[in-house]
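Visitor: Below is the sequence, then the predicted model.
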Amino acid sequence: MTSINNMARTMKVREIEKNPILALSVSEKDIEKYERVAKMYGNVAPAIVGQSGDGYRVIAGQARLEACAKNGIREMPVSIAEICGEPEQMKLALLLSTVKDDGCPLSEGAFIDALITNHDIPRRELMDLLNKSKSWISRRQSLVLRLSEKVRDMVKDGAICARTAEEIAKLPTDIQFPFACMATRDGLSKTNVGQLVGIYRSEGTGNALREAILNNPLTVLDSFAVTKISRRKEKRGLSERIAATTGLLIRLSDELSGMLAIADAKSLSRARAELCRLRTATVDLKTILDGWRISVSPGQLKEGGTQ
């Protein structure tokens with residue numbers, strides 16, 4: 001890939017034009033986050049700008065720009081994108097809006113744990129820094145301390161959200177991944193997951209009910225005396241859901257391959273019916289994938305599988 005030499009510099013805030021489209025998604029909460037950063041560490045977060053007439057318009061970093069303007073900060077670091085024309089700048093702004101930032105729940109949890117464990121930073125200091133509650137700090141830290149690696153991978157892929165993972169982290173490590181797979185399969189909300197985890201961990205819950213929670217979570221929700229919460233409304237796009245489900249299937253396939261490699265004849269015989277169903281489903285899926293591959297010409301398919 002050819003590198004474009006964009007220029008980095010410090011620019012006067014009054015020289016930068018706000019982007020009315022980006023402003024649609026900027027909240028006071030977003031601005032306040034950058035205000036806290038600037039007050040503690042200075043104006044360290046650069047914006048990306050592009051030429052607009054005789055001045056410059058922000059392409060990424062609207063909240064940072066508004067935080068500076070609101071607090072009388074006269075200059076801010078910027079990267080000037082060397083692209084011409086409003087359409088190209090809008091395409092760049094759109095592309096950047098879809099790119100994940102460095103921060104995510106898993107990295108937040110890792111930072112929190114490292115600061116508390118390795119650097120003796122008090123929880124109260126982190127609560128004040130992030131403007132978060134003690135329970136939020138603890139839940140984020142649990143993603144690092146108690147969540148199994150396979151479930152962390154599901155969070156990375158977007159198969160489950162961080163809040164759901166925080167509930168799953170309360171379960172024994174060896175059952176977290178199977179339960180997470182069932183929760184994903186049945187489309188359970190984070191509230192549903194929290195209810196089931198609470199029942200599982202209750203001292204009065206017997207082994208039979210715990211087994212049912214792992215194998216038939218919807219049945220438990222339907223029959224147990226808990227407030228019924230409707231399942232989540234899907235907010236992700238189809239491509240994101242396909243990618244997340246594909247990642248989950250690959251991990252399950254790897255785990256199944258490992259189990260089949262060490263299984264004896266008796267175990268395979270007992271699982272014969274489910275294995276036959278899996279074979280049929282795999283053949284059907286292969287047929288669909290082969291048809292999709294044939295229907296898309298090499299010139300149409302771009303990096304990342306988009307057309």
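Guide: Cool, got the structure.
Visitor: what about stretch 69-79, start to end distance?
Guide: 18 Å (Cα to Cα, to the nearest Å).
Visitor: In this structure residue 36 contacts residue 128, no?
Guide: No: the criterion here is Cβ atoms under 8 Å, and residue 36 misses it with residue 128 at 9.8 Å. All C-beta spots, glycine's among them, are computed from the backbone N, C-alpha and C.
Visitor: Among the two, which residue is more densely surrounded?
Guide: Higher neighbour count among residue 36 and residue 128: residue 36, with 14 against 11, using other Cβ atoms under 10 Å.
Visitor: Tell me which residues touch the more buried one, please.
Guide: 129, 131 (Cβ atoms under 8 Å, 6 or more residues apart in numbering).
Visitor: Now it: which helix or strand?
Guide: Using DSSP states H and E, the element containing residue 36 is helix 28-41.
Visitor: CA-only coordinates of stretch 191-205 in CSV, if you can.
Guide: Listed next in CSV are the C-alpha coordinates belonging to stretch 191-205 (Å, rounded to 0.1, in the frame of the first residue of the first chain):
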residue,chain,number,x,y,z
THR,A,191,-30.4,-9.2,31.8
ASN,A,192,-31.4,-12.8,30.9
VAL,A,193,-27.7,-13.8,31.3
GLY,A,194,-27.5,-12.1,34.7
GLN,A,195,-30.7,-13.8,35.9
LEU,A,196,-29.4,-17.2,34.9
VAL,A,197,-25.9,-16.6,36.4
GLY,A,198,-27.6,-15.5,39.6
ILE,A,199,-29.7,-18.7,39.7
TYR,A,200,-26.7,-20.9,38.9
ARG,A,201,-24.6,-19.3,41.7
SER,A,202,-27.4,-19.5,44.3
GLU,A,203,-26.6,-21.9,47.2
GLY,A,204,-30.0,-23.5,46.9
THR,A,205,-29.6,-24.4,43.3
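Visitor: quick one: what helix or strand has residue 183 in it?
Guide: Counting by DSSP H and E, the secondary-structure element that holds residue 183 is helix 173-186.
Visitor: And for residue 210?
Guide: With the criterion set as DSSP H and E, the secondary-structure element containing residue 210 is helix 207-215.
Visitor: Quick one: residues in contact with that helix.
Guide: Applying Cβ under 8 Å, 6+ apart, the contact partners of helix 207-215 are 175, 178, 179, 182, 196, 199, 200, 219, 220.
Visitor: which stretches of the stretch 51-200 of the chain aren't confidently modelled?
Guide: 100-103 (pLDDT under 70).
Visitor: Quick check: the gap between residue 7 and residue 46.
Guide: As defined by Cβ to Cβ, to the nearest Å, residue 7 lies at a distance of 12 Å from residue 46.
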